[in-house]
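Peer 1: the following comprises the amino acid sequence and a computationally predicted model.
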Amino acid sequence: MSFLKRSARLALCTLPCLYGTANASMSWDYVDLARIVDGKSYALLPDERVYLSGFTLDTAFSVHDQVHLRATSRTWDGRAPGPGGGYVNLSNNDWHSVAVGAHLPFELAGVPMQAWGNVSLDHYSLAGITGTGVGAGAGVRAQVLDPLEVGLWYRMARTDVRLGSTLDIEPWLAGINLLYSLSPNVALHLAMTRGDLELAQSGTSESFRTNTTELGLRYMFDNTGRRAGEAPAPLSYNQIQIAYLFDGDLKDDSGGPEWDLNEGFLISGMLSPLPHMFLAATFQGTNYDASSGMGLESTNPLDHLYMGPGAYYTLTQGDLHYSGYAQITYDRLTLIDGIILHGEGFRVGARAALGHLIDAHIYHGEARAREDIGGTALRLKPRTTGIELGSAPFGNGFGVTLGYEETRYRARIGGDFKLDTSHWRIGVRQQF
């Protein structure tokens, strides 16, 4: 390990001893975004280590004192040898799940603790192949010091995909989390994970090990008012949303076959740390049936992670509320063979609400993403337009959403072509 890496890890370990502020409780109302600062996958390629980078987006909100919904997106980039002696970024061990769980507080030797467990719907992607199935997770959290929380956890999934015969994709991951409170709402997050991915098909199996170190920030929403029955203001920019994509298609403008959407996820977290300013991260993953074009029955082209800062302004006239916003984004997109493109973009939108009864959201976004492989330039330009209706009539910020979205992709991959996608989604949303 280089001197720079050893020094950085020593600094992270000693940071809790040097600084500290108010304690943040073991909240289940949060948005957490972490960057993989070190990671490796072993034996994915013969005699090669694949170095990992990427992001983990973890969101959760409580629906009861001891029940929560949680959605997690792990988008891991594997830097693998490419043509011409260079390297290429491939989607490696992307794992996305939506879970319902329970948590039970208790004390051990005077230390506040929580035990938790959940069951989940999981997508696991490996170089464009997507397995869908179910999973489970369990762990324990402990407030060992006033500003320091430690968590131990384990999760696994059983997914499969049709590849002539059934390919079983069975991952597990275990980890330790350290949360160090910088304020009552903000914590520094350090996580170390170890895992294994087993691929089994036609009686044969192969196993791949992974390990990562993640560093990020967690924002814990102040839920005191919500639990007291005080609904947040309509059109809040502090919110978590989880949605299920249930219908849609992908069309090639050149007259190629049409692919039907099997299903997909949208996981989004947004917070407003200052008036008229917000930070937001959203992952949208899809699973298409490409068998009509002699492809796979379960593949994940055009998964999209975007994040970045934005500004908004809201007007109120009695029960009517209006708001507009603009956001600058970092964008990560995948292609059908798992190649990852990185770039930047923007999103603009308008929102309106009649009290908490009904609200509408119209938005438009564009991005430019790119990757160079062996001297070949890959370019992808998505242009997205969508509308979403929501309602939060329960007086506590919880609501349901229904959305429709269309995206046109202009791509340059060996030649120029265009793709159109559309989908319907239904989801839940918690505003704070």
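Peer 2: Structure's in. What do you need? Keep in mind that this is a model prediction, so the values were computed, not measured.

Peer 1: rest of the way, CA atoms for contacts and neighbours
Peer 2: Will do.

Peer 1: now the strands: where do they sit in the stretch 101-250 of the chain?
Peer 2: For the stretch 101-250 of the chain, applying DSSP state E, counting those that start in this stretch gives strands covering 111-126, 129-142, 148-163, 165-181, 186-201, 204-220, 239-252.

Peer 1: again, but for the stretch 301-432 of the chain
Peer 2: Using DSSP E, counting those that start in this stretch, strands in the stretch 301-432 of the chain cover 304-317, 320-334, 340-354, 358-373, 376-391, 398-412, 416-431.

Peer 1: not counting sequence-adjacent ones, nearest residue to Gln430?
Peer 2: Nearest non-adjacent residue to Gln430, counting by CA to CA, 6 or more residues apart in numbering: Phe398, 4.5 Å away.

Peer 1: where does that neighbour land on pLDDT?
Peer 2: Per-residue pLDDT puts Phe398 at 94.

Peer 1: same question for Arg141.
Peer 2: For Arg141, the pLDDT comes out at 97.

Peer 1: just give the nearest non-adjacent residue to it, would you?
Peer 2: Distance criterion CA to CA, 6+ apart; nearest residue to Arg141, sequence neighbours excluded, is Gly151 at 4.3 Å.

Peer 1: could I get the strands of the stretch 101-250 of the chain as CSV with distance to Arg79 and mean neighbour count?
Peer 2: As requested, these are exported to CSV (distance: least, CA to CA, whole Å; neighbours: other CA atoms under 10 Å):
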stretch, distance to Arg79, mean neighbour count
strand 111-126, 13, 20
strand 129-142, 17, 21
strand 148-163, 24, 20
strand 165-181, 20, 20
strand 186-201, 17, 19
strand 204-220, 13, 18
strand 239-252, 28, 20
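
Peer 1: coming back round to it: mind checking which of the strands of the stretch 301-432 of the chain is nearest Ser202?
Peer 2: Ranking these by their distance to Ser202 (criterion: CA to CA) puts strand 320-334 first, at 28.4 Å.

Peer 1: where do the helices sit along the stretch 1-150 of the chain?
Peer 2: Under the criterion DSSP state H, counting those that start in this stretch, the stretch 1-150 of the chain contains helices at 3-18.

Peer 1: for the closest residue to Ile36 other than its chain neighbours, which residues make a bridge with it?
Peer 2: In space, and not counting its chain neighbours, Ile36 is closest to Glu214: 4.3 Å by CA to CA, 6+ apart. Per DSSP bridges, the residues bridged to Glu214 are Ile36, Ala191.

Peer 1: just how off-centre is stretch 280-294 within its chain?
Peer 2: A distance of 14 Å separates the centroid of the chain from that of stretch 280-294, by CA atoms, centre = their mean, to the nearest Å.

Peer 1: ah, wrong one, I meant stretch 122-141
Peer 2: 12 Å.

Peer 1: same check, this time on stretch 197-210
Peer 2: Stretch 197-210 sits 25 Å away from the centroid of its parent chain (CA atoms, centre = their mean).

Peer 1: what's the end-to-end length of it?
Peer 2: Stretch 197-210 stretches 8 Å from its first residue to its last (CA to CA, to the nearest Å).

Peer 1: picking up where we left off before, my read: the residue nearest to Gln430 touches Gln431, true?
Peer 2: Yes - counting by CA atoms under 8 Å, Gln431 is a contact partner of Phe398 at 6.3 Å.

Peer 1: what's opposite the residue nearest to His123 when sequence neighbours are not counted in the beta bridge?
Peer 2: Nearest non-adjacent residue to His123, counting by CA to CA, 6+ apart: Thr132, 4.7 Å away. Counting by DSSP bridges, Thr132 is bridged to His123, Asp160.

Peer 1: wait, Thr307 touches Tyr330, no?
Peer 2: To be clear, residue 307 is Met; Thr isn't right here. Yes - counting by CA under 8 Å, Tyr330 is a contact partner of Met307 at 5.4 Å.

Peer 1: tell me which of the two has more neighbours.
Peer 2: Met307 (23 against 18; other CA atoms under 10 Å).

Peer 1: now the strands of the stretch 301-432 of the chain in CSV, with distance to Leu261?
Peer 2: As requested, those are exported to CSV (distance: least, CA to CA, whole Å):
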stretch, distance to Leu261
strand 304-317, 15
strand 320-334, 16
strand 340-354, 21
strand 358-373, 21
strand 376-391, 17
strand 398-412, 13
strand 416-431, 8
